[in-house]
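Enquirer: next comes the sequence, and after it the predicted model I'd like to discuss.
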Amino acid sequence: DPQKPMVTSGIRIGSPAADVRALLGEPTTASATELVYECDECLVTGHETLRFVLEQGNVRTIHVQYWID
């Protein structure tokens, strides 16, 4: 898609929220302060949540949660 920004080095602290969306697509939930990606089929034993906390539109922290039954 020519309208999506090109992400060449991955997502890290300070990356714009637009880079997260360009690399991972639209989040499961989103607000001005976070982007949350949930995957129920990512792991054989459970699911995982990837949460990007945003500050002024840029990634401030990245949280990965693994839920195992």
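Expert: All right, it came through fine.

Enquirer: the spatially closest residue to P27 that is not a sequence neighbour: which element?
Expert: Once flanking residues are discounted, P27 sits nearest to L35: 4.3 Å by C-beta to C-beta, 6 or more residues apart in numbering. From N, CA and C alone the C-beta is placed, and that goes for glycine too. Taking DSSP states H and E as the definition, one finds L35 inside strand 34-39.

Enquirer: who are the packing partners of that strand?
Expert: helix 17-24, strand 29-30, strand 46-55 (3 or more C-beta pairs under 8 Å, 6 or more residues apart in numbering; DSSP states H and E).

Enquirer: the residue nearest to P27 against N58, yeah?
Expert: No. In this structure, L35 is not within contact of N58 by C-beta atoms under 8 Å, at 11.4 Å.

Enquirer: compare the helices and strands packed on strand 34-39 and give me the one nearest I11.
Expert: I11 sits nearest to helix 17-24 of all the helices and strands packed on strand 34-39, at 5.5 Å, using C-beta to C-beta.

Enquirer: would you mark the buried spots in that closest one?
Expert: 17, 19-22 (16 or more other C-beta atoms under 10 Å).

Enquirer: separation between V36 and N58?
Expert: Computed as C-beta to C-beta, to the nearest Å, the V36 to N58 distance reads 16 Å.

Enquirer: re the thing from before, for the residue nearest to P27, give me its contacts.
Expert: L35 sits next to 17, 20-21, 27, 29, 51-52, 54 when contact means C-beta atoms under 8 Å, 6 or more residues apart in numbering.

Enquirer: just L50 next, same as before
Expert: Contact analysis of L50 by C-beta under 8 Å, 6+ apart lists 24, 36-39, 62-65.

Enquirer: repeat that with 6 Å
Expert: Applying C-beta atoms under 6 Å, 6 or more residues apart in numbering to L50 gives the contacts 37, 64.

Enquirer: please apply the same query to V20.
Expert: V20 sits next to 11, 35, 52 when contact means C-beta under 6 Å, 6+ apart.
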